[in-house]
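*Asks:* prediction below, plus the sequence it came from.
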Amino acid sequence: MRKIDHFIGGASYASGERQGDVFDPNQGNVQAHVNLGTAADLARAMDNARAAQPAWAATNPQRRARVMFKFKELVEANMDALALLLSSEHGKVIADSKGDVQRGLEVIEFACGIPHALKGEHTQGAGPGIDVYSMRQPLGIVAGITPFNFPAMIPMWMFGVAIACGNAFILKPSERDPSVPVRLAELMKEAGLPDGILQVVHGDKEMVDAILDEDDIKAVSFVGSSDIAQYIYSRGTANGKRVQAFGGAKNHGIVMPDADLDQVVNDLAGAAFGSAGERCMALPVVVPVGEKTANGLREKLIPAIEALRVGVSTDADAHYGPVVTAVHRERIETYVQMCADEGGELVIDGRGFKLQGHEEGFFIGPTFFDHVKPNFRSYQEEIFGPVLQMVRADSFEDAVRLPSEHQYGNGVAIFTRNGHAAREFAARVNVGMVGINVPIPVPVAYHTFGGWKRSGFGDINQHGMEGVRFWTKTKTVTQRWPDGSVTGENAFVIPTMG
Ligand code: NAD
C-alpha cells in the first residue's frame, strides 16, 4: 500500500504508529495510508524551521521572488501529473483539478511581485530633521491548516504569500487528499527554496492542537468547516497567535425577473454541481424573484440538471465526479432526506446513483428541490454536495434579506440586466464576496478573499495585500538627524509635531 509521509527538513519523513486511510473515490477502496503526526513530528519540523528562517528572512525579496518564478514554471511543467494525482484522491474531474492548481498559481504570480508589495511608507520631514518610515517584517514561523476541497489552491494561497514575505511555513493539509500538498513542497525545494522553509506535517486534531499550542508559531491561517474554524480561532488567539479562520458557506444566487434565464441556467448548473458541489463558493441556493421568474427558471433548469453527466474523474466528458468519501456521501444523503421531510419538493433525486463498472465509487446524482423555506434546517446548514435548493422570493427586498440573514456570508450572486438593482444589492447585502452576473465570485489573486459571519473568523483576508499584512508585522522608525540649530527642547514633555 502506498504511504504518504511528512515532508520535513526538505525530505520525506515517516513517523509513526497512527495512519489514516486515503480513498480512491472513483472505486471506493483505500488507495494509500497517510501518517497521522504527533507533537513530536511537529517539534522536528519546528527545529528545521528555526534553523532556516533567519537566513530566508535575510535573503533579499527579489531573490525570494525568483524562487516563486521558478516554482511557477515547475508547477506548469507538472500540471498534468498534479491534476491527475489531485483527481485520484479528491474525485473532481481533471479539468477542474487543473483549475484548482491554476487558481493557486495565480497567488504565486502575485507573490512574484513581493519586492513591490513589501515596500514600506516614508514621510520626509515629519518634524525638524525628522523622517518616519515603516517596514514590513516577517512573523517568523507560521502555519496553515487546509481543507480537502482545494488541496492545491488553498495551500498556495497561504504559503505563496507567507514564504515570499520571509516566513517559514508549516502546512497541515487535509488528511483526505494529502499527496498534492507534498508534491508542491517538493517542487518548491526544486525551485531553490531552502530546506525547512516549507514543510508538510500530516495529521488530524492531534497535530492541529500541537500547532495551536506551539509558542513559536506566530500566525495560523485556517480554511475548513465553521465549527472547526471557530475552535481554531478561539484556541489560537487565546495562545497569542494571529489567526484567520475561514469556514463554511451557503451561497445564494438571486435571479431577477429581467435576467437572461438561459445564461443563468448554464451558470447555475456549473456553480451548483461542479466539483460535486464541494466548493465553498458553490451556489447551492437559487432565489428567483417572483412566481413568473421561478416557474420559467424551473422549466429550464430541470432538463439542464437531468442532462448532467456524472463520471469518474478521468472522464473528459463528465461534468462532475464522485464526492470525497462514503461518509461525506451519507451526510449529503441525510440532508436530502431532511429537506424532503421538512416539506421541500424533491424534483430530482440523485440518491442511489450507481456508475456502471464503479458501483463502489462515492457517486451521487444531481439533486434539485423547489419550494424550500428559510426555516428548514436543510436550508440553514451547509450540505456541500450536488444539491440545489430553490427558495422563491416575492420581491427584491426578500432577495436581499435571505442571504443577509443567513448564518453564513461567504459569497452571493445576482443575475440581472438592471444596473441599479445590482448596485443596490452589492452595497446592501450582508455577505463578504458578491458576484454580479458572475456565479462564483472568487476574487482574483491581487484582490482578497474572505467571507463574513460564520464564514470567516478574524479580521484579515486571504491573499492580495491583506495576505501581505497577515503574514508580516509593521515596524515604524522615527529618526532625527538634527542640523544643530534646534536646541532647548523640553525633554519632559511628550514630543509633538505642533
Ligand atoms: P474540515 O473542517 O473537516 O477540515 C479542515 C481541516 O481541519 C483539515 O486539515 C482537518 O484535518 C482539520 N480538522 C478536522 N477536524 C478537526 C478537529 N476536530 N480539530 C482540529 N482540526 C480538525 O473541512 P473539510 O471537510 O476538509 O473541508 C470542507 C469545509 O471547508 C466546508 O465547510 C467548506 O465550506 C469549507 N471551505 C471554506 C472555504 C473558505 O474559504 N471559506 C474554502 C474551502 C472550503
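*Replies:* Done, it's in.
*Asks:* from the chain's centroid, how far away is the one helix or strand Val327 maps to?
*Replies:* Here Val327 sits within helix 326-341, counting by DSSP states H and E. Centroid separation between helix 326-341 and its chain, computed with Cα atoms, centre = their mean, to the nearest Å, is 24 Å.
*Asks:* what do you get for stretch 63-82?
*Replies:* For stretch 63-82 - counting by Cα atoms, centre = their mean - the centre lies 20 Å from the chain centre.
*Asks:* what residues does it touch?
*Replies:* Contacts of stretch 63-82 with the rest of the structure, by Cβ atoms under 8 Å, 6 or more residues apart in numbering, involve 56, 97-98, 101, 105, 108-109, 111-115, 152, 160, 163-164, 166, 180, 183-184, 187-188, 190-193. (C-beta placed from N, C-alpha, C; glycine too.)
*Asks:* what's the PyMOL line that selects buried ones from those?
*Replies:* Listed next is the PyMOL selection for buried residues among those, using 16 or more other Cβ atoms under 10 Å:
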select buried, resi 56+97+98+101+105+108+111+112+114+152+160+163+164+166+180+183+184+187+188+191+193
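*Asks:* packing partners for the helix holding Val327?
*Replies:* For helix 326-341, the elements it packs on are strand 345-348, strand 367-370, helix 377-380, strand 387-390, judged by 3 or more Cβ pairs under 8 Å, 6 or more residues apart in numbering; DSSP states H and E.
*Asks:* so which of the ones you listed is nearest Asp215?
*Replies:* The minimum distance between Asp215 and the helices and strands packed on helix 326-341 falls on helix 377-380, with 38.5 Å, by Cβ to Cβ.
*Asks:* turn the helices and strands packed on helix 326-341 into JSON lines, including distance to the ligand and mean pLDDT.
*Replies:* What follows is the helices and strands packed on helix 326-341, written out as JSON lines (distance: least, Cβ to the nearest ligand atom, whole Å; pLDDT from 0 to 100):
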{"stretch": "strand 345-348", "distance to the ligand": "23", "mean pLDDT": "98"}
{"stretch": "strand 367-370", "distance to the ligand": "18", "mean pLDDT": "98"}
{"stretch": "helix 377-380", "distance to the ligand": "14", "mean pLDDT": "98"}
{"stretch": "strand 387-390", "distance to the ligand": "14", "mean pLDDT": "98"}
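*Asks:* ok, Ile114 to the ligand distance?
*Replies:* 22 Å (Cβ to the nearest ligand atom, to the nearest Å).
*Asks:* ok, now which ones touch Leu355?
*Replies:* Taking Cβ under 8 Å, 6+ apart, one finds Val310, Gly311, Val312, Gly361, Phe363 in contact with Leu355.
*Asks:* related to what we said a few turns ago, got the CA coordinates for the helix holding Val327 in CSV?
*Replies:* Taking C-alpha atoms only, helix 326-341 is exported to CSV below (Å, rounded to 0.1, in the frame of the first residue of the first chain):
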residue,chain,number,x,y,z
ALA,A,326,-18.5,7.4,1.6
VAL,A,327,-19.1,9.2,4.9
HIS,A,328,-19.5,12.5,3.1
ARG,A,329,-21.9,11.0,0.7
GLU,A,330,-24.0,9.6,3.6
ARG,A,331,-24.0,13.1,5.1
ILE,A,332,-25.3,14.6,1.9
GLU,A,333,-28.0,12.0,1.5
THR,A,334,-29.1,12.6,5.1
TYR,A,335,-29.6,16.3,4.2
VAL,A,336,-31.6,15.3,1.1
GLN,A,337,-33.9,13.2,3.2
MET,A,338,-34.2,16.1,5.8
CYS,A,339,-35.2,18.6,3.2
ALA,A,340,-37.8,16.2,1.8
ASP,A,341,-39.2,15.6,5.3
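*Asks:* so Arg136 lies in a helix, does it not?
*Replies:* No. According to DSSP: H, G, I helix; E, B strand; the rest coil, the state of Arg136 is strand, so it is not within a helix.
*Asks:* inside helices: which ones of the contacts of stretch 63-82?
*Replies:* 56, 97-98, 101, 105, 108-109, 111, 114-115, 160, 163-164, 180, 183-184, 187-188, 190 (DSSP state H).
*Asks:* which residue is the nearest non-sequential neighbour of Asp209?
*Replies:* Excluding its sequence neighbours, the residue lying closest to Asp209 (Cβ to Cβ, 6 or more residues apart in numbering) is Arg235, at 7.6 Å.
*Asks:* isn't the one you found right up against Leu212?
*Replies:* Yes. Taking Cβ atoms under 8 Å as the definition, Arg235 is a contact partner of Leu212 at 4.7 Å.
*Asks:* out of the two, which sits in the more crowded spot?
*Replies:* Ranked by neighbour count (other Cβ atoms under 10 Å), Arg235 and Leu212 place Leu212 first, with 23 against 17.
*Asks:* now do the contacts for the more buried one.
*Replies:* Leu212 makes contact with Val220, Ile232, Arg235, Gly236, Asn239, Lys241 under the criterion Cβ under 8 Å, 6+ apart.
*Asks:* which pair of these spans the longest distance?
*Replies:* Among the contacts of Leu212, the pair separated by the greatest distance (Cβ to Cβ) is Ile232 and Asn239, at 10.7 Å.
*Asks:* so between the two, which is more surrounded?
*Replies:* Each of Ile232 and Asn239 has its neighbours counted (other Cβ under 10 Å); Ile232 has more, 28 against 15.
*Asks:* for that one, helix, strand, or coil?
*Replies:* Secondary structure, three-state DSSP: Ile232 is helix.
*Asks:* list the residues that contact it.
*Replies:* Residues near Ile232 by Cβ under 8 Å, 6+ apart: Ile145, Val208, Leu212, Val220, Phe222, Gly224, Val243, Ala245, Phe457.
*Asks:* touching, the last one and Gln230? I think so.
*Replies:* Yes. Under the contact definition of Cβ under 8 Å, Phe457 touches Gln230, with a separation of 5.8 Å.
*Asks:* comparing the two, which residue is more hemmed in?
*Replies:* Set Phe457 next to Gln230 and count neighbours by other Cβ under 10 Å: Phe457 wins out with 22 against 15.
*Asks:* having no further points to raise, I will conclude here.
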